[in-house]
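Asks: No sequence on hand, only this structure:
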């Protein structure tokens with residue numbers, strides 16, 4: 001099956017929507033305990049710990065999907081994809097085109113995502129700090145996706161109109 005770039009982008013958007021939905025649902029479940037304290041963390045049920053893991057996992061997946069797939073499509077469909085464009089140059093261009101609020105913040109998100117992936121189960125203080133960071137960033141990333149999605153839909157509509 002040969003999928004068009006538009007169809008592939010739409011699939012990625014659907015996946016981003018799913019990551020957003022799942023993380024949002026998990027945030028709702030954990031809302032009474034936020035921000036987490038060591039005491040609250042140690043008293044979470046297995047289901048609530050599962051929600052915490054959903055948040056950290058979906059945050060990482062959404063951040064990766066946007067950075068590794070969707071951003072490239074935005075540059076392609078805005079005719080800004082240039083040969084040999086480095087990742088940082090692409091982020092700077094997305095910022096210039098107002099698809100990304102800040103290149104530096106995005107790079108920080110990526111670094112924090114990588115840091116969150118390393119779990120230290122015997123250090124509650126570190127776990128709580130990482131969990132609260134992941135929760136805060138997940139909220140920011142969810143809000144960012146909600147503002148980015150309509151911009152992408154506009155790009156798709158323009159592209160599809162030109163193809164008719």
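Replies: Thanks, I have the structure now. The structure presented is a predicted model; accordingly, all values stated were derived computationally and were not measured. Numbers count the residues shown, from 1 in each chain.

Asks: Please make it C-alpha for all contacts and neighbour counts, starting now.
Replies: Noted.

Asks: quick check: mean pLDDT across the helix or strand where residue 108 lies?
Replies: Secondary structure assignment for residue 108, by DSSP states H and E: helix 103-116. The average pLDDT for helix 103-116 rounds to 88.

Asks: Give me the contacts around it.
Replies: 56, 59-60, 63-64, 88, 91-92, 95, 130-131, 134, 137 (C-alpha atoms under 8 Å, 6 or more residues apart in numbering).

Asks: what number of residues lie near residue 143?
Replies: Using other C-alpha atoms under 10 Å, residue 143 has 12 neighbouring residues.

Asks: which of the residues in the one helix or strand it maps to are buried?
Replies: In this structure, residue 143 is located in helix 124-163 according to DSSP H and E. For helix 124-163, a neighbour-count test (16 or more other C-alpha atoms under 10 Å) marks 127-135, 137-139, 141-142, 145, 152, 155-156 as buried.

Asks: how far off helix 103-116 does it point, in degrees?
Replies: Counting by axes from the mean of the first three to the mean of the last three C-alpha atoms, to 10 degrees, helix 124-163 lies at 130 degrees to helix 103-116.

Asks: Residue 25 is in contact with residue 58, correct?
Replies: No - Residue 58 lies out of contact with residue 25 (C-alpha atoms under 8 Å); the separation is 11.1 Å.

Asks: more neighbours, these two?
Replies: Each of residue 58 and residue 25 has its neighbours counted (other C-alpha under 10 Å); residue 58 has more, 22 against 14.

Asks: Go through stretch 14-28 and flag the buried ones.
Replies: For stretch 14-28, using 16+ other C-alpha under 10 Å, the buried residues are 16-17, 19-20, 22-24, 26-27.

Asks: And for stretch 60-69?
Replies: 60-67.

Asks: Just those residues: which are in helices?
Replies: Secondary structure assignment by DSSP state H places 60-65 of the buried residues of stretch 60-69 in helices.
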